[in-house]
Structures are given as structure tokens and as C-alpha cells.
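Enquirer: Okay, here's the prediction I keep looking at, along with the sequence it came from:
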Amino acid sequence: MKTAIITAKSSLNHNTGSGHPESISRVTSIINKLKKNKKLIWKSPTSFEKDIIKKAHSSSYIDNIENAFPQKGLVFLDGDTVVSPGSKDATFDAVGSIITAIDGVENNEFNAAHCVTRPPGHHAEKSKAMGFCVINNIGVAANYLISKYKYKRVAVLDWDCHFGNGTYDILRSNEKVFFSSLHQYPYYPGGGTEHEKGDHNNALNIPLPAGTNSKEYFDAYEHMLKRLKEFRPEFILMSAGFDAHEDDPLCQLNLKSRDYYEITRRVLEITKQFCNGKVVSILEGGYDLNALADSANEHVNALIEFG
């Protein structure tokens, strides 16, 4: 099936400083790997109305963020979220990428898309930057699907190693969204217990202990797939973090690169009858460059075959 990669050159200008794990090399490693695949469509983000972001974040937060990017040097938005002069364009182009991806799917330009952008987004809450994240791209996207395209059942699946606290914060009260996160627990950023079910029983958090292997992961994953099938999603959004890989330095789960093909395939196979393969994913975590590139490639291969 036709699959697009949406990426922005501005991602390469988001400087987080020497030694920071959320580095420019994360994007270049994935792009260099995916460029070998001649089946992919490559696109850059288009402009969008900034008011779209305010459906996910408070107006005061967005106003503050607009003014937070420095003219020179580095600024810390929280203990580990760093921005530089090039970060403003990168941040808003990441949002533009997922909006462009959704519009492309809706206009039948392609069936599925993966956004290779940074900074990531799933830790950014309604009024707070954290965990390398400034704008919650996936939260903006879910609201965009509902407001622009009038979807009534949007699934947001987060398989980053860390709980998508920001996405949960933004979407927990939206009964048109089913949110599910599989993540290491207890671990950064805290939260994400099975008792956090959303305001309309519209969330399924699956905390996993350090050391979880592939078989144990997929046993837990089946619980998410069951709920997802019951929800009957019309569109699927994926927070595609690849840091649950066994080689990742910031996580203690033990997935292999090939598992990301299976994570993607299983979702698309059981939901195709509901959403006709409409799926958009966006890069979140993943900090071992070889594991990141290989895992992203497996994910994209599954999008091509099943999207």
C-alpha cells in the first residue's frame, strides 16, 4: 500500500546540546535507513493554522512557548527539555508533519504515513513541557481528526517505553478517543497505572515491569487489541517510540527490532475492517541509533504491507 514519510529539515536544527540523548542523529539514522526503500513517498510539512494546537494546549501555554525559544544558546523548559534558536521551526514543523500526514490520508494521496520528526511530543501536557517534549503532536492530531474530519472514534496507541502522560492528560476527557499506553512501570514520568482509565473508561494503561521480554509484551498487547477491536476505530494514530528495544540505554524492556513489525501488523490486521487501513504514526522515543533505525524500518515495512 502507498505509505508516506513526512519529515522536515528543521528537525536537524533542533539543537539539544552535547550529550543529550534526544539528538539530531536520531532523525538522520532513520532517514538514512528508509531512503533505501524505493516504495516510499516523501513529503515535507505544509503550513497550518496555529489555533489547531489550542484544541490540545491552553492558549497561555502556547503564547508562552512562542516566546520561549532563545535567539542564541540553549534554554531549559524543564530539567531535560532543551530548546535552541532552531527549535521553534522544528517544534511547529513536527505538528505540521502530522497534520500533513492526516490530510494526505484523507485526500487519498497515500494510505498510511510515518512522521520522522523531533522534538517528540507525548510527554507534553496541556500546559507543561516535559520529557524532551514541547507540543503534544499526537494530541493535536486526535483533536484535528475530530474537529476537521468529524471522526467519532479515534484510537491513539502509544508503545513508547515511557507512559504517554501528556497525551493522557489531553485526551482523557474526550469520549471520542480511545487511548492506550504500554510502558515500563514504575519508571519516568510516573503514573500510567491500570487504574487510570480516562473520564469515560476510554483509556487502557498497561504497566510492564523492567525486563519484560517479547513474549510477555505480546501477551499484554493482546489485552489492548481486544479493547481496540471493541472500540471499532475509524482512524488510528500511533505514538511510535522505539525505546522498548533491548539495546536502548533509557529503558529496561527487551523487545527486538522485528517486534515493531508485529506491533504494527497486529493492529492493522484487526482494525482494517473499521478504518480501511487509515493510520498515521509519529516518532517519539528511541535512543540507540542502530536499534532505532532498524525498528522504525520494521514499523514502516508493516505500514507498507498492511496499511
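Expert: Cool, got the structure.
Enquirer: Name the single longest helix found in this protein.
Expert: Looking across the chain with DSSP state H, the single longest helix is helix 87-106.
Enquirer: For that one, which residues meet the burial criterion?
Expert: 87-105 (16 or more other CB atoms under 10 Å). C-beta coordinates here come from the backbone N, C-alpha and C atoms, glycine included.
Enquirer: Distance from the chain centre to the next helix or strand after that helix, please.
Expert: Using DSSP states H and E, the helix or strand that follows helix 87-106 in sequence is strand 112-116. For strand 112-116, the separation from the chain centroid amounts to 10 Å (computed by CA atoms, centre = their mean, to the nearest Å).
Enquirer: angle of strand 112-116 against helix 87-106?
Expert: 170 degrees (axes from the mean of the first three to the mean of the last three CA atoms, to 10 degrees).
Enquirer: hmm, who's touching strand 112-116?
Expert: 1-7, 11, 27, 30-31, 34, 94, 97-98, 101, 104-105, 137, 240, 277-283, 296, 299-300, 303-304, 307 (CB atoms under 8 Å, 6 or more residues apart in numbering).
Enquirer: let's go with 6 Å and repeat that
Expert: Here strand 112-116 makes contact (CB atoms under 6 Å, 6 or more residues apart in numbering) with 3-7, 27, 30, 97-98, 101, 279-283, 300, 303, 307.
Enquirer: What mean pLDDT does the helix or strand following it get?
Expert: From strand 112-116 onward toward the C-terminus, using DSSP H and E, the following helix or strand is helix 137-149. When pLDDT is averaged along helix 137-149, the result is 98.
Enquirer: Show me what helix 137-149 is packed against.
Expert: Judged by 3 or more CB pairs under 6 Å, 6 or more residues apart in numbering; DSSP states H and E, the packing partners of helix 137-149 are helix 87-106, strand 154-158, helix 165-171, strand 235-240.
Enquirer: So which bits of it are buried?
Expert: For helix 137-149, by 16+ other CB under 10 Å, it's 137-146.
Enquirer: before we move on, what about stretch 61-78?
Expert: Those would be 61-62, 65, 68-69, 77, for stretch 61-78 by 16+ other CB under 10 Å.
Enquirer: what's the first-to-last distance across that stretch?
Expert: Taking CA to CA, to the nearest Å, the first and last residues of stretch 61-78 lie 14 Å apart.
Enquirer: on that earlier part again, mark which of the contacts of strand 112-116 are buried, thanks.
Expert: 3-7, 27, 30, 97-98, 101, 279-283, 300, 303, 307.
Enquirer: In helices, which of the residues you listed fall?
Expert: 27, 30, 97-98, 101, 300, 303.
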